[in-house]
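Colleague: Sequence and computational prediction follow.
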Amino acid sequence: MLTETTKVDVLVVGAGYTGLSTALHLAERGTSVCVLDARQPGWGASGRNGGQVNPTLKHDPDELVRIYGAERAEPLIEAVSRSADLVFDLIQRHGIDCQPVRSGWLQLGYSEAAVRSMHGRAAQWRQRKVPVEMLDKAQVGARVGSDAFEGGWLDGRAGVIQPLSYARGLAAAVLKMGASIHGETKVTALERQGAKWVATTGSGARVSADQVVLATNGYTDGLWPGLAKTVLAANSAIVATQPLGRDGDSILARGEAASTSQRLLLYFRKDAQGRLILGGRGHFHDPQDAGYFAHLERAVGLLFPQLRGVRFDYRWAGRVAVTRDFMPHLHQPAPGVSMALGYNGRGVALATSMGRDLAALVAGDRTVPCAFPITPINPIPLHGLQRFYVAAGVAWYSLLDKLSQ
């Protein structure tokens, strides 16, 4: 907890992946940085996600070119494509002990139509020299250990990590570079005083800074007017089985991450202890008991009949920030204020990459152009009804029934 007034070049609010990556890359430039978090580093979805390092966006490359034009889209596509490289490079450079495995990401489809669409997506990445494999039903079945899928594709850039260990490793690297991090220090007000931004905290301490970076993502509150209304803060819920031992040998035997497309959105992997970790969208409200995760536990049995009756050792959830256009958002609404949020479930790689670009932007380094477009703050219409939006998009039960037929 911060207990005394301090002055720094840059104040970062939020100690998740975005804030920690921004702070680390600024500190490496010699910038004085203070990071404040209402809880602790990695407490939010940065420490409570599925651990998949996925270097893609919701939109395919050709669609990004159509939306932004080639001149703007190609640097963005390149930055996203290299975002997993950045994660694994930071892990290696800073000796972060987070159980990294880089065996690729499988995207899986339940129907032939879905598989054709995914193979088209894979072809777009292949044109950009990305290592991909297009897989049929038999090939997917052999890799995944389930016959529920008609096919899919493998993205060789991706991998998995232990997410909280990665966040804590980034925090340790930030501290080693001379920056400060203070948990249990909620920023309650932010105002301009002359040439400085002054943050008031719940502990009574104040921070004066030349620039401020807001990096609160799915936990964004009313600190900056309108910002929280630009995203839907949906929970991503995750369960972890007991260590599977030999019963799990046929499941993701090569160490890939996997997720489904279109109708039933699930993502899963095995961890270093041999547990199956499976997640998907949860309800809007935070979990209160084990019943919150029942749909995921049922999904494990449906996808992997060999695991029916398996014990579940852990359950958790974290808030992801979903944007209206399914793109990460970068805003600079006032001089000296920058903010980034909205990774739509791909935050491990994207938030790390965004943090690096934010650091260069804040430092005024024109030799490192920011690949992410800077956009105005545009609240989602009827944002107060977001519980209904989220509920409408989470059609778990009927879809799980289809799988069980």
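Modeller: All right, it came through fine. The structure presented is a predicted model; accordingly, all values stated were derived computationally and were not measured. Numbers count the residues shown, from 1 in each chain.

Colleague: Spell out the secondary structure type for Gln306.
Modeller: Following DSSP: H, G, I helix; E, B strand; the rest coil, Gln306 is assigned to helix.

Colleague: quick one: contacts for the residue lying closest to it once chain neighbours are set aside?
Modeller: Sequence neighbours aside, Asp247 is the residue nearest to Gln306 in space, at 6.4 Å (criterion: CB to CB, 6 or more residues apart in numbering). Any C-beta I mention is one placed from the backbone N, CA and C, and that applies to glycine too. Asp247 is in contact with 306-307, 310, counting by CB atoms under 8 Å, 6 or more residues apart in numbering.

Colleague: shaky segments in the stretch 201-350 of the chain?
Modeller: 262-264, 284 (pLDDT under 70).

Colleague: Please identify the residue most distant from the middle of this structure.
Modeller: Most distant residue from the mean C-alpha position of the chain: Gly194, 35.8 Å away (CA atoms, centre = their mean).

Colleague: what's the spacing between it and Ala171?
Modeller: Applying CB to CB, to the nearest Å, the value for Gly194 to Ala171 is 31 Å.

Colleague: before we move on, what about Ile374?
Modeller: In this view, Ile374 and Ala171 are 27 Å apart by CB to CB.

Colleague: so who does Arg206 touch?
Modeller: The neighbours of Arg206, taking CB under 8 Å, 6+ apart as the test, are 5-6, 198-200.

Colleague: from those, which single one is nearest Ala167?
Modeller: Closest approach between the contacts of Arg206 and Ala167, by CB to CB: Ala199, at 21.9 Å.

Colleague: What is the neighbour count of that closest one?
Modeller: For Ala199, the count of nearby residues is 23 (other CB atoms under 10 Å).

Colleague: all strands in the stretch 101-250 of the chain, in order from the N-terminus.
Modeller: 105-109, 132-136, 151-155, 159-160, 180-182, 187-193, 196-201, 206-214, 231-241 (DSSP state E, counting those that start in this stretch).

Colleague: and the longest one, what does it pack onto?
Modeller: Packing contacts for strand 231-241, counted by 3 or more CB pairs under 8 Å, 6 or more residues apart in numbering; DSSP states H and E, involve strand 276-281, helix 294-303, strand 312-323, helix 386-393.

Colleague: Let me see the residues that make contact with the longest one.
Modeller: Right, the one you point to is strand 312-323. So strand 312-323 is contacted by 44-49, 217-220, 230-242, 275, 282, 286-287, 290, 292-293, 297, 329, 341-345, 347 (CB under 8 Å, 6+ apart).

Colleague: so what strands line up beside it?
Modeller: strand 231-241 (antiparallel) (DSSP bridges).

Colleague: Just the CA coordinates for the strand it pairs with, please, in PDB.
Modeller: This file holds the C-alpha atoms of strand 231-241, laid out as PDB (Å, rounded to 0.1, in the frame of the first residue of the first chain):
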ATOM      1  CA  VAL A 231     -16.700  -2.400 -22.700                       C
ATOM      2  CA  LEU A 232     -18.900  -5.300 -21.400                       C
ATOM      3  CA  ALA A 233     -17.100  -6.800 -18.400                       C
ATOM      4  CA  ALA A 234     -18.000 -10.400 -18.800                       C
ATOM      5  CA  ASN A 235     -16.700 -13.200 -16.600                       C
ATOM      6  CA  SER A 236     -14.600 -16.000 -18.100                       C
ATOM      7  CA  ALA A 237     -15.000 -19.100 -15.900                       C
ATOM      8  CA  ILE A 238     -12.500 -21.900 -15.600                       C
ATOM      9  CA  VAL A 239     -12.300 -25.300 -14.000                       C
ATOM     10  CA  ALA A 240      -9.300 -27.500 -13.400                       C
ATOM     11  CA  THR A 241      -9.500 -31.300 -12.900                       C
END
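
Colleague: so that strand versus strand 276-281, what angle?
Modeller: Relative orientation of strand 231-241 versus strand 276-281 (axes from the mean of the first three to the mean of the last three CA atoms, to 10 degrees): 160 degrees.

Colleague: Tell me the buried residues in whatever helix or strand comes next after strand 231-241?
Modeller: Using DSSP states H and E, the next helix or strand after strand 231-241 towards the C-terminus is strand 257-260. For strand 257-260, the neighbour count (16 or more other CB atoms under 10 Å) marks 257-260 as buried.

Colleague: for stretch 122-138, same thing?
Modeller: For stretch 122-138, by 16+ other CB under 10 Å, it's 122, 124-125, 130, 132, 134-135, 137.

Colleague: possible to save these as JSON lines with pLDDT and distance to Asp271?
Modeller: Formatted as JSON lines, these follow (pLDDT from 0 to 100; distance: CB to CB, whole Å):
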{"residue": "Ala122", "pLDDT": "97", "distance to Asp271": "26"}
{"residue": "Gln124", "pLDDT": "97", "distance to Asp271": "31"}
{"residue": "Trp125", "pLDDT": "96", "distance to Asp271": "27"}
{"residue": "Val130", "pLDDT": "95", "distance to Asp271": "26"}
{"residue": "Val132", "pLDDT": "97", "distance to Asp271": "25"}
{"residue": "Met134", "pLDDT": "98", "distance to Asp271": "27"}
{"residue": "Leu135", "pLDDT": "98", "distance to Asp271": "23"}
{"residue": "Lys137", "pLDDT": "98", "distance to Asp271": "27"}
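
Colleague: With distance to Ala114 added, can I get these in JSON lines?
Modeller: Below are those laid out as JSON lines (distance: CB to CB, whole Å):
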{"residue": "Ala122", "distance to Ala114": "13"}
{"residue": "Gln124", "distance to Ala114": "16"}
{"residue": "Trp125", "distance to Ala114": "17"}
{"residue": "Val130", "distance to Ala114": "20"}
{"residue": "Val132", "distance to Ala114": "16"}
{"residue": "Met134", "distance to Ala114": "13"}
{"residue": "Leu135", "distance to Ala114": "13"}
{"residue": "Lys137", "distance to Ala114": "12"}
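
Colleague: Would you point out the most distant pair within those?
Modeller: For the buried residues of stretch 122-138, and using CB to CB, no pair is farther apart than Val130 and Lys137, which are 23.1 Å apart.

Colleague: thinking again about what came up before, among the strands of the stretch 101-250 of the chain, which is the most enclosed?
Modeller: Mean neighbours per residue, mean count of other CB atoms under 10 Å, is largest over these for strand 159-160, with a mean of 28.
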